[in-house]
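**Q** fold the stuff below for me.
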Amino acid sequence: DREVKVTPRLAFELNGSTFDSGARSTPFAQSRQTDLKLQVHGFDLAPFAVYIPESVPVRLKTGTLSADLKLDFEETNATPQVKISGGVELQGVQATDTAGQALLSFDALQVALNEVQPLRRIVDIAAIDWTGVHAHVGRDAKGALTLPGPSQKTEGESVKTTPEAGAQEAPWQLRLGRLGLHDATVDWVDASLPGGKAAWKAENLQLQASAIELPFKQPLQFRASAQLSGGGAKGEAARLAVAGQATDVQAQAAVSIRGLPLAMAAPYLAAVLKPAVSGMLDADLGLARNGDAMAAKVATLSLDKLALTCA
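**A** Take a look at the predicted model:
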């Protein structure tokens with residue numbers, strides 16, 4: 001009778017979103033072998049945003065969660081094994097900072113899992129696709145990056161220390177077959193310049209990366225492109241393309257720049273150079289890194305209509 005499979009099922013609606021789960025288990029057998037399936041469709045995350053701790057300077061405004069996951073559990077030779085597979089998707093996410101200023105939004109984030117084994121510290125992901133991302137980053141007047149993260153420790157706040165582990169734990173192993181960033185936009189605002197704020201924008205940002213594995217066993221491959229505008233430049237956006245491969249200690253990349261206005265650097269040059277610089281830059285570069293050593297090779301470089309204009 002211990003080998004008879006128990007088949008529990010739990011299904012319900014919460015705030016209009018459907019949850020469904022089904023399982024097969026032998027809870028009294030020696031292996032306690034269990035298969036669990038969990039399905040969530042269009043779960044609205046906004047009502048639960050109030051549970052985000054105040055110490056996290058991010059406020060969630062909208063977003064829905066869908067998931068189709070499978071969990072396998074088995075205990076062999078007194079060693080439990082947990083395997084998670086399936087897919088998770090976030091849609092229509094909008095987040096702001098504590099002041100209500102836009103921070104991050106995206107249309108969809110899709111994660112396809114091959115197999116995640118948390119007890120063995122193994123994460124094997126087939127693909128991550130991030131679509132329609134719009135990120136707002138920059139520097140404040142003191143030069144600090146305005147990125148989401150834990151709030152700074154206030155004066156007099158105690159620092160909690162973590163006790164040292166008795167045994168050395170195995171490092172996590174990460175495998176990611178493919179990473180894709182599609183149709184992204186990044187707004188950069190720098191408020192640390194003497195002349196005031198300066199703004200740049202990267203649009204139509206595309207990124208493809210593959211063969212990602214940590215610790216590294218082989219170089220990951222990547223390719224990216226974007227259109228750049230802002231600073232003191234007007235007219236058509238510059239075109240940037242990058243392709244290469246990298247590990248944690250070595251990297252190689254080919255960079256192509258087309259139609260980059262030198263006026264984009266005007267906010268940074270204003271403090272050291274009184275005349276305004278104008279012109280158009282095209283370049284093909286090769287970049288390499290080996291440990292702490294860096295090298296750059298200029299294959300082609302051209303400046304068109306270069307001019308200095310007095311104020």
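
**Q** could you pull out the strands for the stretch 51-200 of the chain?
**A** 59-76, 79-96, 102-117, 122-131, 134-139, 173-190, 198-214 (DSSP state E, counting those that start in this stretch).

**Q** could I get these as a markdown table with mean pLDDT, mean neighbour count and distance to A288?
**A** Glycine gets a C-beta too; all of them are placed from N, C-alpha and C. Formatted as a markdown table, the strands of the stretch 51-200 of the chain follow (pLDDT from 0 to 100; neighbours: other CB atoms under 10 Å; distance: least, CB to CB, whole Å):
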| stretch | mean pLDDT | mean neighbour count | distance to A288 |
| --- | --- | --- | --- |
| strand 59-76 | 93 | 16 | 41 |
| strand 79-96 | 94 | 16 | 37 |
| strand 102-117 | 96 | 17 | 32 |
| strand 122-131 | 97 | 17 | 27 |
| strand 134-139 | 92 | 18 | 27 |
| strand 173-190 | 95 | 17 | 22 |
| strand 198-214 | 94 | 17 | 18 |
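
**Q** can you list contacts of stretch 40-57?
**A** 14-19, 58-68, 97-98, 148-151 (CB atoms under 8 Å, 6 or more residues apart in numbering).

**Q** re the thing from before, of all the strands of the stretch 51-200 of the chain, which one comes closest to R32?
**A** Nearest to R32 among the strands of the stretch 51-200 of the chain is strand 59-76 (5.1 Å), distances taken as CB to CB.

**Q** can you map out the helices along the stretch 151-300 of the chain?
**A** Counting by DSSP state H, counting those that start in this stretch, residue ranges of the helices within the stretch 151-300 of the chain are 266-269.

**Q** so which of the strands of the stretch 51-200 of the chain comes closest to S302?
**A** strand 198-214 (22.5 Å).

**Q** so what strands line up beside that closest one?
**A** strand 173-190 (antiparallel), strand 220-230 (antiparallel) (DSSP bridges).

**Q** export those to JSON lines and tack on distance to A23?
**A** Below are the strands paired with strand 198-214 laid out as JSON lines (distance: least, CB to CB, whole Å):
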{"stretch": "strand 173-190", "distance to A23": "27"}
{"stretch": "strand 220-230", "distance to A23": "37"}
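
**Q** which stretch among these comes nearest F106?
**A** Using CB to CB, the nearest of the strands paired with strand 198-214 to F106 is strand 173-190, at 8.1 Å.

**Q** distance from the chain centre to the closest one, please.
**A** 5 Å (CA atoms, centre = their mean, to the nearest Å).

**Q** quick one, it and strand 134-139 angle?
**A** Per axes from the mean of the first three to the mean of the last three CA atoms, to 10 degrees, the angle that strand 173-190 makes with strand 134-139 is 70 degrees.

**Q** tally of neighbours for R121?
**A** R121: 13 surrounding residues under other CB atoms under 10 Å.

**Q** list the contacts of Q227.
**A** 202-204, 237-240.

**Q** quick one: low-confidence ranges for the stretch 151-300 of the chain?
**A** 151-168, 195 (pLDDT under 70).

**Q** how much space is there between the nearest residue to E213 once chain neighbours are set aside and V186?
**A** Of all residues not flanking E213 in the chain, R175 sits nearest, at 5.1 Å (CB to CB, 6 or more residues apart in numbering). Relative to V186, R175 is positioned 27 Å away (CB to CB, to the nearest Å).

**Q** and for S278?
**A** The value you get for S278 to V186, if CB to CB is used, is 25 Å.

**Q** and for A78?
**A** Counting by CB to CB - A78 and V186 are separated by 50 Å.

**Q** next one: I122
**A** Taken as CB to CB, the span from I122 to V186 is 32 Å.

**Q** P267 too?
**A** P267 is 17 Å from V186, by CB to CB.

**Q** touching, A127 and R175? I think so.
**A** No. Judged on CB atoms under 8 Å, A127 makes no contact with R175 at a distance of 11.4 Å.

**Q** tell me which residues touch the residue nearest to E213, please.
**A** 114, 123-125, 212-213.

**Q** now A211
**A** A211 neighbours (CB under 8 Å, 6+ apart): 177, 218-221.

**Q** out of those residues, which are buried?
**A** 177, 219-220 (16 or more other CB atoms under 10 Å).

**Q** these into JSON lines, with extra columns for distance to Q30?
**A** Shown next, in JSON lines, are these (distance: CB to CB, whole Å):
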{"residue": "G177", "distance to Q30": "35"}
{"residue": "P219", "distance to Q30": "45"}
{"residue": "L220", "distance to Q30": "42"}
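
**Q** is Q221 bridged to anything, and to what?
**A** Beta-bridge partners, per DSSP bridges, of Q221: S210, Q245.

**Q** please consider this matter closed, and thank you.
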